[in-house]
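Student: could you work out the structure for the sequence below:
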Amino acid sequence: MTEFDIVGPEAIREGVATDAYFERTEATLRHAGKNPRVVAEVTADQFPDGDFEVFAGVKDAAALLEGHDVDVDAMFEGQLFDGGPVMRIEGDYLEFARLETSLLGFLSHASGCATAALEARVAAPDTPVLSFGARHVHPSIAAMVERSALVAGLDGFSHVAAGDILGKEASGTMPHALLIAFGRGNQADAFRAFDDAVPEDVPRVALCDTYGDETEEVLRAVETLGDDLDSVRLDTTSSRRGDFRHIVREVRWELDARGHEDVGIFVSGGLGPAELRHLHDVVDGFGVGGYISNANPVDFALDIVEVNGEPAAKRGKLSGVKQVYRTTDGGHHVGLRGRPGPTDGESLLEPLIRDGEVVREFDLDAATRRTHEDAETVGFGEE
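Tutor: Numbers count the residues shown, from 1 in each chain. Predicted coordinates:
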């Protein structure tokens, strides 16, 4: 028994974090003296259907396969895909068979979170959006959630330990618990204590919906912190929210009427792309939580498509080694490797591992730029 129900890095690396039938497959093949040379592909959909998703989790996948005698080609982190393989593995099957479970987990979950984060990003393209969803997932994967959010172009995240892993500083100011700890009617004391306690470089963002009317608490924050107040945050419970857009506009009006045009309004609480589109012109920032962290993983599968040089596939899957292409008009095309692709097509499967050695660097900022550029090329999120 372990202190926490967490499968550790050693189990993942050694292939113990696997489905039981892979152990039994391995035992059977070794008993039969079989270890065919195969090509396997990671694929969600066989053919393009116009529904693009973001490829993420590549860094962890590369670390998993590193040191194994395989060659791997893959899309780059942040690339958008629509059918066909996102990764190709070539080698003796027993070299990587038991790694399939972890490999698909790394890619599926991260790609799902990154895709949801991109949906939020394009819904409010000119407004800061932060990832607030780490509290909804097992803490062992918080860094994956936050990295996926950054790959999609979000402006920050809330999880401190994830920030340590990613080399980025977490964002956040005060929860309702702080206001409640000071007691009803003592919001000003909480605002003042916060201002006295936290470092100067932390923005002064007052949470203004704990006990009373949002506008009333906002004005109390202004009276308490004056010019030191950077922003206010509204996180009104949905059952009390009513017309949230109207509430935000009222707060903005009352701030402006008192000469506080420079105080921003940040909103959070159960927000998704629809709410961001509805509010982005009247707020100065968003916190998006469960929509990103609770996103459905992409349903990737790993399928053998060639055995000892001959095409092979299970029923319903496409045999033969493939290549995927992006054309200048944003098209996504799937074809057989070695056959001519689109005349203006760019091959998307590029070397990731050669002879067990990772041959690619993982630059998070470059991945973010790639996502943004590719999303524009394919028209991601356009109605």
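
Student: next one: stretch 213-225 to chain centre, how far?
Tutor: Stretch 213-225 sits 34 Å away from the centroid of its parent chain (Cα atoms, centre = their mean, to the nearest Å).

Student: actually, stretch 106-123.
Tutor: 4 Å.

Student: just stretch 269-288 next, same as before
Tutor: 18 Å.

Student: buried stuff in it?
Tutor: For stretch 269-288, the neighbour count (16 or more other Cβ atoms under 10 Å) marks 269, 271-273, 275-276, 279-280, 282-288 as buried. Any C-beta I mention is one placed from the backbone N, CA and C, and that applies to glycine too.

Student: ok, and what's touching it?
Tutor: 117, 119-120, 122-124, 126-133, 154, 158, 231, 233-238, 241, 244-245, 248-249, 252, 264-268, 289-291, 381 (Cβ atoms under 8 Å, 6 or more residues apart in numbering).

Student: the residue lying closest to residue 25 once chain neighbours are set aside: neighbouring residues, count only.
Tutor: Nearest residue to residue 25 in three dimensions, chain neighbours excluded: residue 97, at 6.2 Å (Cβ to Cβ, 6 or more residues apart in numbering). If you count neighbours by other Cβ atoms under 10 Å, residue 97 ends up with 20.

Student: go ahead and confirm residue 97 touches residue 22.
Tutor: Yes. Here residue 97 lies in contact with residue 22, judged by Cβ atoms under 8 Å, at a distance of 5.6 Å.

Student: thinking again about what came up before, and the contacts of stretch 269-288, which are buried?
Tutor: For these, buried by 16+ other Cβ under 10 Å: 117, 119-120, 122-124, 127-133, 154, 158, 231, 233-236, 241, 244-245, 248-249, 252, 264-268, 289-291, 381.

Student: just the ones of these in helices?
Tutor: Members of the buried ones among the contacts of stretch 269-288 lying in helices (criterion: DSSP state H): 117, 119, 120, 122, 123, 244, 245, 248, 249, 252, 290, 291.

Student: would you confirm that the fifth one contacts residue 381?
Tutor: Spelled out, that is residue 123. Yes. Residue 123 lies in contact with residue 381 (Cβ under 8 Å); the separation is 7.2 Å.

Student: tell me where the model's unsure across the stretch 51-200 of the chain.
Tutor: When residues are selected by pLDDT under 70, none of them lie in the stretch 51-200 of the chain.

Student: please enumerate the strands of it.
Tutor: Secondary structure of the stretch 51-200 of the chain by DSSP state E, counting those that start in this stretch: the strands cover 53-54, 71-74, 80-81, 85-92, 129-131, 156-157.

Student: let's have these in a markdown table, adding distance to residue 367.
Tutor: Formatted as a markdown table, these follow (distance: least, Cβ to Cβ, whole Å):
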| stretch | distance to residue 367 |
| --- | --- |
| strand 53-54 | 10 |
| strand 71-74 | 13 |
| strand 80-81 | 12 |
| strand 85-92 | 14 |
| strand 129-131 | 15 |
| strand 156-157 | 15 |
